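*Asks:* any chance you can model this:
(2 chains)
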Amino acid sequence: MAYTREKPRNARDSEELRRTIPGWGVDLNATDRPSYPKEIQAETGAHWDFPERQRPHGPREKSTEHKFLTPVFGTAQPLRGVSGMIRRYAYTYSEGQTAHWLLLIAGDRVDVLESRIEALLSGRPDNPIAETGVLREFKGGAFRTRFGQHRADLTHQPIDLVLWAAPYAAIAAGAYLLAKGLAPSRRTA
Amino acid sequence: MRAMVYRGPGRIRVEEKDIPQIEHPNDAIVRVTCAAICGSDLHLYHGMMPDLRVGHTFGHEFVGTVHEVGSSVQSLSAGDRVLVPFNIFCGSCFFCARGLYSNCHNVNPNASAIGGIYGYSHTCGGYDGGQAEFVRVPFADVGPSKIPEWMDEEDAVLLTDALPTGYFGAQLGEIREGDVVVVFGAGPVGLFAAKSAWLMGAGRVIVVDHIDYRLEFARRFAHAEIINFTQVDDIVQWVKETTDFLGADVCIEAVGAEADGALFQHITSAKLKLQGGSPVALNWCIDSARKGGNVSVVGAFGPLFSAVKFGDAMNKGLTIRTNQCPVKRQWPRLFEHVKNGVLKPSDVVTHRIPLDEIAEGYHLMSNKLDGCIKPLVIPTAH
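*Replies:* Now for the predicted structure:
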């Protein structure tokens, strides 16, 4: 026990574990494990001291904590629209500042809104049924498998639903109030 | 080409996209033959990683066939079957030269704190991922390897992240013979961490989760003792009692940002995004470990702050070790273990989903339905 020198004994000793657990102890030697030591002199296959630079297609945002644009970078989804302006501004703050991350999260939400509107206007609106994959609940009795598992998440799933619906309810309420405010007032005789 | 695209939290669809182009002389374009949905993809799916842009294609676990190579690629050619580590890395920066491939400094202009990861937001470099028919693979002479003839494709795809990360998690715990190891999380990474703990000589391996079918899988697959934390008043107290009030020698956090078990933590992080992640499992690790013990963290968290009980960690003299797994460093040993039959990674695969049905695959994985442990995505099924 913890109150005396000796460590509590396990129910099974090493010999028994070696007999009963497949592969027990094959990596027992800690100094022979692949990530020991933490830092090594690595042979990586790189045949350059510094990689040739990838050519950017246009302005490419970067962290202020980088000295320059890294020689290789992703080209997916370049900045655009209002979300792009927010994200570009976020990159004026270092990663150490909370503003950097909060602005990026705000940009993400605006991006979703912009994309929803764009999809609607382009004739391929978002389909919440297909995109959430919710129909999987009704295949092969999947819905039933939520229950009888002692799952902790069952307790907050009703709250999740409220949190999911809240922004939509807020938008609907805002639109209703706006429409009501813009509509000509009716006069009764 | 067909590719999965993000449309907002909890929403994805499959769209036509341009086939990626060679952007750098050491790029390769790989035609994906098998991909997987990772538990950490769910953090993206739920909108928890900052700078996640609509239209982004997820997928950092994939294998495929080389379709095209850039002018400086020496080690691969069209037609080679390859497995690709989830890390994008240059092989020559300060960090790569020291074996810290997951911390490469030459591939992610968006952040200096993390290297490049396929399909994991612009915070990880802005690379589209492999849940698509084709994917751009930078530094083709450094990252990917040819799949050995004897290796099964489904084993290979599990070697791109899930198995190496679990195995790495056990290494970070610095397990010694006879140690009591508690693994929080019975997803694929937790299962592989538990299995790996035995290879490193653990004396007891205990897996903690809140979903019975996953725990039963851990008992069968990883020969672990299991405990559902919803069935005890206090999981930390339970660990103390089962170790005669010493605490565990090693705790491994294999859950990450969406840990359940404390309503306030879960709601403020996973739902309201006010924390980088829910630190419930991490705090349980800190509190369950014995004084002077080790905590290994391989669960993924966002870059914002989280309410971690650091005072307890400091007062207990814990060693907390973390990192994204440098996958390629693990491969020689893990290839050996797979070839010798010590490990059979594809045993955790429960579902195979055509790319066109990937939205339902994410729903299945996210909601832990139908006994789901590890779903694979097959781009060429349709």
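*Asks:* ranges for the helices of chain B?
*Replies:* Using DSSP state H, the helices of chain B run over B:41-45, B:153-158, B:162-172, B:188-199, B:212-222, B:235-242, B:263-266, B:280-288, B:310-315, B:327-339, B:358-367.
*Asks:* same thing with chain A?
*Replies:* Going by DSSP H, chain A shows helices at A:14-20, A:81-90, A:98-121, A:128-132, A:157-182.
*Asks:* other residues contacting the helix-or-strand element of chain B with minimal mean pLDDT?
*Replies:* In chain B, the helix or strand scored least confidently by mean pLDDT, DSSP states H and E is helix B:263-266, which has a mean of 84. The contact list for helix B:263-266 (C-beta atoms under 8 Å, 6 or more residues apart in numbering or on different chains) reads A:155-156, B:258-260, B:275, B:278-280, B:307. C-beta coordinates here come from the backbone N, C-alpha and C atoms, glycine included.
*Asks:* one more pass at 6 Å, please.
*Replies:* Residues outside helix B:263-266 that contact it (C-beta atoms under 6 Å, 6 or more residues apart in numbering or on different chains): A:156, B:260, B:278, B:280.
*Asks:* what's the answer for stretch A:81-97, then?
*Replies:* A:61, A:63-65, A:79, A:99-100, A:103-104, A:106-107, A:110-111, A:114, B:111, B:113.
*Asks:* change it to 7 Å
*Replies:* A:61-65, A:79, A:99-100, A:103-104, A:106-107, A:110-111, A:114, B:51, B:111-113, B:303 (C-beta atoms under 7 Å, 6 or more residues apart in numbering or on different chains).
*Asks:* so which bits of it are buried?
*Replies:* Of all the residues in stretch A:81-97, those buried under the rule 16 or more other C-beta atoms under 10 Å in any protein chain shown are A:81, A:83-84, A:86-87, A:90-91, A:93, A:95.
*Asks:* which residues sit in contact with the residue lying closest to residue B:179 once chain neighbours are set aside?
*Replies:* Take residue B:179 and drop its neighbours on the chain: the residue closest to it by C-beta to C-beta, 6 or more residues apart in numbering or on different chains is residue B:249, 3.9 Å away. For residue B:249, the contact set (C-beta under 7 Å, 6+ apart) comprises B:179-181, B:290, B:293.
*Asks:* any buried residues in the least confident helix or strand of chain B, and which?
*Replies:* B:265-266.
*Asks:* off-centre distance for stretch B:227-243?
*Replies:* Stretch B:227-243 sits 26 Å away from the centroid of its parent chain (C-alpha atoms, centre = their mean, to the nearest Å).
*Asks:* just give the closest residue to the closest residue to chain A within the stretch 251-382 of chain B, not the sequence neighbours.
*Replies:* Per C-beta to the nearest C-beta, residue B:363 is where the stretch 251-382 of chain B lies closest to chain A, at 3.2 Å. Once flanking residues are discounted, residue B:363 sits nearest to residue A:133: 3.2 Å by C-beta to C-beta, 6+ apart.
*Asks:* residue B:89 now?
*Replies:* residue B:104 (3.8 Å).
*Asks:* show me what contacts the one you found?
*Replies:* Counting by C-beta under 7 Å, 6+ apart, residue B:104 has contacts B:89-90, B:93, B:95-96, B:115-116.
*Asks:* picking up where we left off before, same list, the helices of chain B, but as TSV with distance to residue A:48 please.
*Replies:* Below are the helices of chain B laid out as TSV (distance: least, C-beta to C-beta, whole Å):
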stretch	distance to residue A:48
helix B:41-45	32
helix B:153-158	28
helix B:162-172	26
helix B:188-199	33
helix B:212-222	42
helix B:235-242	49
helix B:263-266	45
helix B:280-288	39
helix B:310-315	41
helix B:327-339	17
helix B:358-367	37
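*Asks:* of all those helices, which one comes closest to residue B:56?
*Replies:* helix B:41-45 (7.9 Å; C-beta to C-beta).
*Asks:* show me where pLDDT drops low in the chain?
*Replies:* The chain I'm using is chain A. Scanning chain A for pLDDT under 70 picks out A:185-189.
*Asks:* my bad, the chain I had in mind was chain B
*Replies:* Ranges of chain B meeting pLDDT under 70: B:381-382.
*Asks:* break it down into its domains, please.
*Replies:* Split into domains by automatic domain parsing, chain B comes to B:2-161+B:326-378, B:165-322.
*Asks:* surely residue B:232 is in contact with residue B:240?
*Replies:* No - the criterion here is C-beta atoms under 7 Å, and residue B:232 misses it with residue B:240 at 11.4 Å.
*Asks:* tell me which of those two has more neighbours.
*Replies:* residue B:240 (18 against 14; other C-beta atoms under 10 Å in any protein chain shown).
*Asks:* leaving out the residues flanking it, which one is nearest to that one?
*Replies:* Here the residue nearest residue B:240, using C-beta to C-beta, 6+ apart, is residue B:247, at 6.1 Å.
*Asks:* ok so, going back, can you flag which of the contacts of helix B:263-266 belong to strands?
*Replies:* Secondary structure from DSSP state E places none of the contacts of helix B:263-266 in strands.
*Asks:* which one of the residues you listed is nearest to residue B:324?
*Replies:* Nearest to residue B:324 among these, with distances taken as C-beta to C-beta, is residue B:278, at 18.9 Å.
*Asks:* ok, the closest one touching residue B:261?
*Replies:* No - counting by C-beta under 7 Å, residue B:278 stays clear of residue B:261, with 8.3 Å between them.
*Asks:* number of nearby residues for the residue nearest to residue B:105 when sequence neighbours are not counted?
*Replies:* Take residue B:105 and drop its neighbours on the chain: the residue closest to it by C-beta to C-beta, 6+ apart is residue B:93, 4.4 Å away. Other residues near residue B:93 come to 23 when the count uses other C-beta under 10 Å.
*Asks:* identify the residues contacting residue B:93.
*Replies:* Contact partners of residue B:93, counting by C-beta under 7 Å, 6+ apart, are B:104-106.
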